[in-house]
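[1] attaching a predicted model along with its sequence, questions to come.
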Amino acid sequence: MEVAESDNTFVIRPSFEQKFRPSVVQGIMSQVMSQKLNEKVYDTEKAVIWCQEICDEIKQNVKELNYDRYKIVVQASIAEQRGGGAKMAARCFWDSDTDNCAEHVFVNDNLFCVASVFGIYYY
């Protein structure tokens, strides 16, 4: 009786070409944020809507890069530019071989926006 040999098709790591690339994602973030916020004046009511629009558009554009088996998480914050400082941080438990993040800061005379995109690989 002959036993059929089957190939292992379970993928536990993305190929080099399929890894999340922060530099490419930062380009997308820069373009979207500049397009949406370039001439805007800070408005508390509108900032919430702008954040949602920025996050949705960045996420859609990143998904078009076809990072298979990656969960894409986008976070953005907009605040008024008053000359004060702001500090932001994020902590995650992830696999440094497959997971990564990209950040971008947009600043004009009236506001600033900080956005982060996290690419987390599904095993």
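    Thanks, I have it.
[2] which ones are touching the nearest residue to V11 once chain neighbours are set aside?
    Residue nearest to V11 in three dimensions, not counting chain neighbours: R69, with 7.6 Å by Cβ to Cβ, 6 or more residues apart in numbering. All C-beta atoms are positioned from the backbone trio N, CA, C, and that covers glycine. By Cβ atoms under 8 Å, 6 or more residues apart in numbering, the residues touching R69 are 11, 14, 121-122.
[3] buried only: go through those for me.
    14, 121 (16 or more other Cβ atoms under 10 Å).
[4] among the contacts of R69, which are located in strands?
    Y121 (DSSP state E).
[5] all strands of the chain, in order?
    Under DSSP E, the chain gives strands at 70-80, 100-107, 111-121.
[6] got TSV for the ones you listed, with mean pLDDT and distance to K40 too?
    Output for those, formatted as TSV (pLDDT from 0 to 100; distance: least, Cβ to Cβ, whole Å):
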stretch	mean pLDDT	distance to K40
strand 70-80	96	9
strand 100-107	96	10
strand 111-121	96	6
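[7] ok so, going back, for the residue nearest to V11, grab phi and psi.
    phi 60, psi 20 (degrees, to the nearest 10).
[8] helices or strands up against the longest helix belonging to the chain?
    Assignment by DSSP state H gives helix 44-63 as the longest helix of the chain. Contact analysis of helix 44-63 by 3 or more Cβ pairs under 8 Å, 6 or more residues apart in numbering; DSSP states H and E lists helix 22-37, strand 70-80, strand 111-121 as its packing neighbours.
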